[in-house]
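Undergrad: show me how the following folds:
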Amino acid sequence: MSILYLLIPLAVGLMVVAIAFFLWTVRTGQYDDLEGPAHRILMDDDDPMIPGNAQRKQEAAKTRRPAGEDRNDASED
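TA: Below is the predicted model:
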């Protein structure tokens, strides 16, 4: 019976922590858009997903090649 003096305050404390965590998630907007991420994965993005660093390197490589020369033109002969 004396264990109840420990378990009841422990349960109430745990419940207070759980409610505080739930209120924090509501305030930070975790539950604002529940369907958006599920639909976003199905959308087709036309933008390339290349980081800025790699994109600059790719553009620099294109400017170094002569304008009329293409990699695939030589292999078609």
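Undergrad: okay, strands next: where are they in this protein?
TA: Counting by DSSP state E, one finds no strands in the chain.
Undergrad: tell me which helix or strand in it has the weakest average pLDDT.
TA: Every helix and strand in the chain was compared by mean pLDDT, DSSP states H and E; the lowest is helix 71-75, with a mean of 54.
Undergrad: how near is residue 30 to residue 21?
TA: According to Cβ to Cβ, to the nearest Å, residue 30 stands 11 Å off from residue 21. The way it works is simple: take the backbone N, C-alpha and C, and place the C-beta from them, glycine included.
Undergrad: what's the answer for residue 8, then?
TA: Counting by Cβ to Cβ, the gap from residue 8 to residue 21 is 21 Å.
Undergrad: same check, this time on residue 10
TA: Residue 10 is 17 Å from residue 21, by Cβ to Cβ.
Undergrad: what do you get for residue 63?
TA: Relative to residue 21, and taking Cβ to Cβ, residue 63 is found at 53 Å.
Undergrad: how about residue 12?
TA: 15 Å.
Undergrad: quick one: contacts of the longest helix seen in the chain?
TA: Using DSSP state H, we find that the single longest helix of the chain is helix 4-27. Applying Cβ atoms under 8 Å, 6 or more residues apart in numbering, the contact partners of helix 4-27 are residue 31.
Undergrad: got the CA positions of that helix in PDB?
TA: The C-alpha coordinates for helix 4-27 follow below in PDB (Å, rounded to 0.1, in the frame of the first residue of the first chain):
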ATOM      1  CA  LEU A   4       1.000   4.100  -4.000                       C
ATOM      2  CA  TYR A   5       2.500   7.100  -2.300                       C
ATOM      3  CA  LEU A   6       5.300   6.800  -4.900                       C
ATOM      4  CA  LEU A   7       3.300   5.700  -8.000                       C
ATOM      5  CA  ILE A   8       0.500   8.200  -7.900                       C
ATOM      6  CA  PRO A   9       2.800  11.300  -7.900                       C
ATOM      7  CA  LEU A  10       5.000   9.600 -10.500                       C
ATOM      8  CA  ALA A  11       2.000   9.000 -12.700                       C
ATOM      9  CA  VAL A  12       0.700  12.500 -12.300                       C
ATOM     10  CA  GLY A  13       4.200  13.900 -13.100                       C
ATOM     11  CA  LEU A  14       4.500  11.800 -16.200                       C
ATOM     12  CA  MET A  15       1.000  13.000 -17.300                       C
ATOM     13  CA  VAL A  16       2.000  16.600 -16.800                       C
ATOM     14  CA  VAL A  17       5.200  16.100 -18.900                       C
ATOM     15  CA  ALA A  18       3.100  14.400 -21.700                       C
ATOM     16  CA  ILE A  19       0.500  17.200 -21.800                       C
ATOM     17  CA  ALA A  20       3.300  19.800 -21.800                       C
ATOM     18  CA  PHE A  21       5.000  18.000 -24.800                       C
ATOM     19  CA  PHE A  22       1.700  17.800 -26.600                       C
ATOM     20  CA  LEU A  23       1.000  21.500 -26.100                       C
ATOM     21  CA  TRP A  24       4.500  22.300 -27.300                       C
ATOM     22  CA  THR A  25       3.900  20.400 -30.600                       C
ATOM     23  CA  VAL A  26       0.500  22.100 -31.100                       C
ATOM     24  CA  ARG A  27       2.100  25.600 -30.600                       C
END
